[in-house]
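Colleague: just coords:
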């Protein structure tokens, strides 16, 4: 049982939840008194909705903040109940953005908080559950175990919260919604106390026969939350409420159209103008800010021409990296594209985390942040930024060339960064080779001190072919890379710096690099790693 339970957990299982900022003081309280919300809680009205509540709103409206508020309040006011949640994260790993990860997370939380339900494992034949040592859970297995576990609740209440359904594949979400709809029917008939709270954008449209709808833009209290935020956060320099300041507040609220992230960004822009002494020009500055969220992002990215190349690389790394990068990795990834020699001469004593944070803040124009997790990584402050750059083709406004595919060009830039960093590491190693630590006169043993590991070397070595392959696949030729890249240097460096645990998370198969001969050709490596687009070059 313990092994099966532990196999449900995965790294970064709570990252998205932890990274959602707490509700601003005095906001979201309206939810607790909302008629639809209270109907969802009311045992006497469960036949109307089968325990399902669905909050919908525009991108950036504040749905995640509201559902996190609901989770926090429920845990506080109903301590005896079981509360489990999952927040889909399109910026995260595969398990953070698919339903298999959702079921694993919800089931792990349920069985951990309600240990008696772990007995459900005994109800299955050994072949019906995943086998050691890998424990590869399927969605069907997870659904079955969850179904059985919920039947064991007895009189206990179970509250399930699932946020950002639109950040998962539509077909997976449709299947998941059907599962919870059937589960709601069963628990209502069986008098099992289950409540499920979904939150998503309006699209894709998925119909459920029985549920409670909560449409954010139609809630007057949500508009009042925006007003409270503006009144609290917009700096005016005086307690005197002038007519001009009231006009500005009213204009920000009106133009927000219920989109909270727009308000947050606009208030930051106006506060910056105020800090620079431009008090009299605040209304004019507000008039210059576009209503459209995408155009606002465009303005932030292109408002000045300072460090544009660093900004482009920062955006591309957050968009196209094989996995989210740590602050150290991103710092040197950007530098390897703008100043590869500087990137290679690294001394940990010369560089603080504050220096790197300031650099990333500057390069991202304030649109990126560090996650609040055990191993922090860098992500966009909101998923709408990724939507603007990719779905709405916002990359074209910062793209240096317009003839190449945006995706292909992006991956090609990242490949070049990796090439530069690997080359720089090779030069550094040539200048400072590992020291032989054997005592004179002792028998030969291949024991040499390892050089300090450069912060970005693991990613650069293990994903260089991934980015080259993706660039080729999207129309950017890799012929010159294929001809010029030194496979022998790559094999030697990878054996020296890349540990097996890192290799397992890359496109390279675990342990394969350890067995590579120094004389192996690039074509052989590409074939072994199944990089089809590069093989065709």
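Modeller: Cool, the structure landed. Small disclaimer: the values here were computed from a predicted structure and weren't measured.

Colleague: what about residue 86, neighbour count?
Modeller: Residues within reach of residue 86, counting by other C-beta atoms under 10 Å, total 23. Quick note: C-beta positions are derived from backbone N, CA and C, even for glycine.

Colleague: go on, residue 304?
Modeller: Residues near residue 304, counting by other C-beta under 10 Å: 9.

Colleague: Please report how far it lies from residue 395.
Modeller: As defined by C-beta to C-beta, to the nearest Å, residue 304 lies at a distance of 19 Å from residue 395.

Colleague: now do residue 10
Modeller: Here residue 10 is placed at a distance of 31 Å from residue 395 (C-beta to C-beta).

Colleague: out of the two, which sits in the more crowded spot?
Modeller: A side-by-side neighbour count of residue 10 and residue 395, using other C-beta under 10 Å, places residue 395 first with 19 against 15.

Colleague: Please give me every residue in contact with the more buried one.
Modeller: By C-beta atoms under 8 Å, 6 or more residues apart in numbering, residue 395 lies in contact with 315, 319, 389, 406, 410.

Colleague: what does the model give the last one for pLDDT?
Modeller: So the one you mean is residue 410. Per-residue pLDDT puts residue 410 at 93.

Colleague: do the same with residue 35
Modeller: If you check residue 35, the pLDDT there is 96.

Colleague: and if you look at the one 3 residues further on?
Modeller: Per-residue pLDDT puts residue 38 at 97.

Colleague: how close does it get to residue 124?
Modeller: 39 Å.

Colleague: same deal with residue 246?
Modeller: For residue 246 relative to residue 124 (C-beta to C-beta), the value is 64 Å.

Colleague: where along the stretch 401-537 of the chain do the helices fall?
Modeller: Taking DSSP state H, counting those that start in this stretch to define them, one finds helices in the stretch 401-537 of the chain at 406-431, 457-473, 479-484, 487-497, 500-503, 522-528, 532-535.

Colleague: ranking these by mean pLDDT, which is last?
Modeller: Among the helices of the stretch 401-537 of the chain, helix 500-503 scores lowest, at a mean of 46.

Colleague: And the residue nearest the centre of this protein?
Modeller: Centrality entry for the chain: nearest residue to the mean C-alpha point is residue 91, 2.7 Å, by C-alpha atoms, centre = their mean.

Colleague: roughly how far apart are residue 223 and residue 232?
Modeller: 15 Å.

Colleague: Tell me which of the two has more neighbours.
Modeller: For residue 223 versus residue 232, the count of surrounding residues by other C-beta under 10 Å is larger for residue 223: 17 against 12.

Colleague: The residue lying closest to residue 531 once chain neighbours are set aside: neighbour count?
Modeller: Using C-beta to C-beta, 6 or more residues apart in numbering and skipping the chain neighbours, the partner closest in space to residue 531 is residue 469 (4.3 Å). Using other C-beta under 10 Å, residue 469 is surrounded by 23 other residues.

Colleague: contacting residues for residue 469?
Modeller: Applying C-beta under 8 Å, 6+ apart, the residues near residue 469 are 478, 526, 531, 532, 533, 534.

Colleague: Please report phi then psi for the residue nearest to residue 11 when sequence neighbours are not counted.
Modeller: Among residues not flanking residue 11 along the chain, residue 93 sits closest, at 7.4 Å (C-beta to C-beta, 6+ apart). When read as degrees, to the nearest 10, the backbone of residue 93 gives phi -70, psi 170.

Colleague: Would you agree residue 93 is in contact with residue 13?
Modeller: No. Taking contact to mean C-beta atoms under 8 Å, the distance of 9.9 Å between residue 93 and residue 13 leaves them out of contact.

Colleague: list residues touching both of the two?
Modeller: Common contacts of residue 93 and residue 13, defined by C-beta under 8 Å, 6+ apart, comprise residue 101.

Colleague: got the contact list for residue 185?
Modeller: Residue 185 sits in contact with 50, 210, where contact means C-beta under 8 Å, 6+ apart.

Colleague: What separation do you get for it and residue 176?
Modeller: 15 Å.

Colleague: What of residue 332?
Modeller: 39 Å.

Colleague: Of those two, which one has the most company?
Modeller: For residue 332 and residue 176, the more surrounded residue by other C-beta under 10 Å is residue 332, and the numbers stand at 27 against 21.

Colleague: Not counting its neighbours along the chain, what's nearest the more buried one?
Modeller: residue 456 (3.9 Å).

Colleague: mind checking the SS state of residue 159?
Modeller: Classification of residue 159 using DSSP: H, G, I helix; E, B strand; the rest coil returns strand.

Colleague: so what's it bridging to?
Modeller: Beta-bridge partners recorded for residue 159 (DSSP bridges): residue 83, residue 195.

Colleague: Count the residues that sit near residue 156.
Modeller: 15.

Colleague: Kindly apply the preceding question to residue 484 instead.
Modeller: Neighbours around residue 484, by other C-beta under 10 Å: 8.

Colleague: Which residues are in contact with residue 485?
Modeller: Residue 485 neighbours (C-beta under 8 Å, 6+ apart): 419, 522.

Colleague: Could you report the pLDDT at it?
Modeller: Residue 485 carries a pLDDT score of 88 in this model.

Colleague: quick one: it from residue 465, how far?
Modeller: Taking C-beta to C-beta, one finds residue 485 at 9 Å from residue 465.

Colleague: Good, wrapping up.
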